[in-house]
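Chemist: give me coordinates for this.
(one chain, ligands or ions: 1)
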Amino acid sequence: MINKIKGTYDILPDETNKWQNLEEVIRNVSKLFNFKEIRTPIFEYSELFHRGVGETTDIVKKETYDFKDRGGRSVTLRPEGTASVVRSAIENKLYASANQPVKLYYHGPMFRYERPQKGRYRQFRQFGAEALGSNSPLIDAEIINYASTVLEALRIKDITVKVNSLGGSESKETYKQKLKEYLKPNITKLCSDCQRRYEENPLRVLDCKVDKGNPILVKAPKPLDYLTDEDRYHFDQVIEALDAIGLNYVVDNSLVRGLDYYTHTVFEIDANLESLGAQKTLVGGGRYNNLVKSLDGPDVPSVGFAFGMERLLIALESVNKIEPKPFIHCFMIALGDSVKNDSLRIVNDLRHGGLVCDYDFFNKNLKGKFKQSDRLNPMFNLIYGSEEKEKGVINVKVVKTGEQKQVPLKDLYQFLVNSIRNITTNSCAGNCSSCDECD
Ligand code: AMP
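Modeler: Residues are numbered from 1 along each chain as shown. Down below sits the predicted model:
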């Protein structure tokens, strides 16, 4: 038997509806904020991520899936979405569109060679958004609000929104020097990766998974103390906008984020849920004013975020215990060979009218057909044999109540539609998401 690759997983049929529901919420909230979906390839030239994500990041140093294609080109399975979105925006000149900023969202698989654990996989899915073309602090706040609104729509309420600012190039450079001076006497007490990071990109030291909580890092200088006046003003404006929206946040002055391209505002939202274990961060993001230019595009300031979708589902499972059930309106019970084609046609007509229908394709005996219906749990069993065919009728059984009625075939569709309306307004069919049971 050939097994799945370590750190990957199958989404089995019973689980796909959770993903579809999540994707629907993402689509709906994105619409509210007027972000449009973009779909980019899952592999790109390696150079894109080396330059975009940063040569010195853990992602590029240790985690990318790189290979040579048959033409000898170096390609990489995308480890994140922003670099690809920016590449596409440059290649397709999206920044030249009349509607600025360009507001895009995406979702799909990403690949990182990490140590698999709950909430951390080698193939995982991200939902991300990018606003390209505005330096306004209002769009920083809008992006944070967009991310929180997704969580609100999913009813994940116990969250902490953490915001910080790294400042622009000048502030970042001053801070980097201060941090290096501070770390120098202590660097041998940190992990070997941090010793390398100290030389290549000292900000990464603060983001170390091994030395997390180490007092040396806890007491390190904070980026907020080294912002230029202009960068401080930008951050204050972001905070003012968040206050105006009424969004709850904390300023976490030790937040730096693991990717090189961030400047100015950075943020993360953690869910305070046991089920997530150590992987509590649902979404991370921030401003990346230099990335577009560094990938040979124009000087376009931008800001975005990326959610881990598996973590959203883990969080959802613990706050929202009742899953919407897979849903079937009608199960056709055809009695005998003489009606098999007629019953298929009936089912097909109902489907064209928007009803979800299934059928016994194994020609089981009556008991077997009812057993299958029990498993599928439809709203109605449709029972149809040669006698019914002759009379031009069909038997409709309401599964929940056991009530059965013979209906003229020509009235079947209208009868079902009326009954569905009655059932869903009088009692829940199991997926309404508004009654006590489903709420
Ligand atoms: P990043 O792109 O590293 O800023 O990560 C953004 C979000 O993606 C994180 O907050 C996580 O929710 C999620 N994420 C990152 N890496 C993984 C992974 N290996 N497995 C599952 N989710 C991940």
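
Chemist: kindly report the domain assignment for this structure.
Modeler: Domains of the chain are assigned by automatic domain parsing as 13-168+228-319, 330-438.

Chemist: buried deepest among those, which one?
Modeler: domain 13-168+228-319 (a mean of 18; mean count of other C-beta atoms under 10 Å). Just so you know, the C-beta spots here come from the backbone N, C-alpha and C atoms, and that holds for glycine as well.

Chemist: what about that one, how long is it end to end?
Modeler: One end of domain 13-168+228-319 to the other measures 22 Å (C-alpha to C-alpha, to the nearest Å).

Chemist: what about that domain, average pLDDT?
Modeler: In this model, domain 13-168+228-319 carries a mean pLDDT of 94.

Chemist: I'd say residue 328 and residue 355 touch.
Modeler: No - Residue 328 is not in contact with residue 355 according to C-beta atoms under 8 Å; the separation is 9.1 Å.

Chemist: related to what we said a few turns ago, got TSV for the domains of the chain, with distance to residue 181 too?
Modeler: Below are these laid out as TSV (distance: least, C-beta to C-beta, whole Å):
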stretch	distance to residue 181
domain 13-168+228-319	17
domain 330-438	55
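
Chemist: out of those domains, the one nearest the ligand is which?
Modeler: Minimum separation from the ligand across these (C-beta to the nearest ligand atom) falls at domain 13-168+228-319, 2.4 Å.

Chemist: strands along the stretch 151-300 of the chain, start to end?
Modeler: For the stretch 151-300 of the chain, strands defined by DSSP state E, counting those that start in this stretch occupy the ranges 159-165, 250-251, 263-271, 281-287.

Chemist: can I get those in JSON lines with distance to residue 31?
Modeler: Converted to JSON lines, the strands of the stretch 151-300 of the chain look like this (distance: least, C-beta to C-beta, whole Å):
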{"stretch": "strand 159-165", "distance to residue 31": "22"}
{"stretch": "strand 250-251", "distance to residue 31": "29"}
{"stretch": "strand 263-271", "distance to residue 31": "21"}
{"stretch": "strand 281-287", "distance to residue 31": "19"}
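
Chemist: where do the helices sit along the stretch 1-150 of the chain?
Modeler: Per DSSP state H, counting those that start in this stretch, the stretch 1-150 of the chain carries helices over the ranges 13-32, 46-52, 58, 82-91, 137-153.

Chemist: what sits up against the longest one?
Modeler: Meaning helix 13-32. Residues outside helix 13-32 that contact it (C-beta atoms under 8 Å, 6 or more residues apart in numbering): 11, 36-37, 105, 107, 127, 129, 146, 149-150, 153-154, 309, 312-313, 316, 323-324, 326.

Chemist: and it, does that touch the ligand?
Modeler: No - judged by C-beta under 6 Å from any ligand atom, helix 13-32 makes no contact with the ligand; its nearest approach is 13.2 Å.

Chemist: ok now that helix, how far from the chain's centre?
Modeler: The chain centre lies 8 Å from the centre of helix 13-32; the measure is C-alpha atoms, centre = their mean, to the nearest Å.

Chemist: same check on the fourth one?
Modeler: Between the centre of helix 82-91 and the centre of its chain there are 19 Å (C-alpha atoms, centre = their mean).

Chemist: the second one too?
Modeler: Offset of helix 46-52 from its chain centre (C-alpha atoms, centre = their mean): 23 Å.

Chemist: and residue 330, its phi and psi?
Modeler: Phi and psi for residue 330, reported as degrees, to the nearest 10, are phi -130, psi 140.

Chemist: for residue 132, what are its contacts?
Modeler: The neighbours of residue 132, taking C-beta under 8 Å, 6+ apart as the test, are 86, 89, 94-95, 101-102, 104, 292, 300, 302.

Chemist: ok, 7 Å please
Modeler: By C-beta atoms under 7 Å, 6 or more residues apart in numbering, the residues touching residue 132 are 89, 95, 101-102, 292, 300, 302.

Chemist: once you drop chain neighbours, what's closest to residue 274?
Modeler: Among residues not flanking residue 274 along the chain, residue 318 sits closest, at 7.4 Å (C-beta to C-beta, 6 or more residues apart in numbering).

Chemist: who in the stretch 51-200 of the chain is up against the ligand?
Modeler: So the stretch 51-200 of the chain meets the ligand at 80, 112, 114, 119-121, 124, 126 (C-beta under 6 Å from any ligand atom).

Chemist: of these, just say which sits nearest to residue 210.
Modeler: residue 114 (13.5 Å; C-beta to C-beta).

Chemist: residue 124 is in contact with that closest one, correct?
Modeler: No - taking contacts as C-beta atoms under 7 Å, residue 114 lies outside contact range of residue 124: 9.0 Å.

Chemist: ok, back up a step: got CSV for the helices of the stretch 1-150 of the chain, with distance to residue 394 too?
Modeler: CSV is the format used below for the helices of the stretch 1-150 of the chain (distance: least, C-beta to C-beta, whole Å):
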stretch, distance to residue 394
helix 13-32, 29
helix 46-52, 59
helix 58, 63
helix 82-91, 53
helix 137-153, 41
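
Chemist: right, and these - which one's nearest residue 372?
Modeler: Across these, residue 372 has its closest neighbour in helix 13-32 (15.6 Å, C-beta to C-beta).

Chemist: just the angle between that closest one and helix 137-153, please?
Modeler: Between helix 13-32 and helix 137-153, the angle comes out at 150 degrees (axes from the mean of the first three to the mean of the last three C-alpha atoms, to 10 degrees).

Chemist: pull the contacting residues for residue 37.
Modeler: 105-106.

Chemist: from residue 103, how far off is it?
Modeler: Taking C-beta to C-beta, to the nearest Å as the measure, residue 37 falls 11 Å from residue 103.
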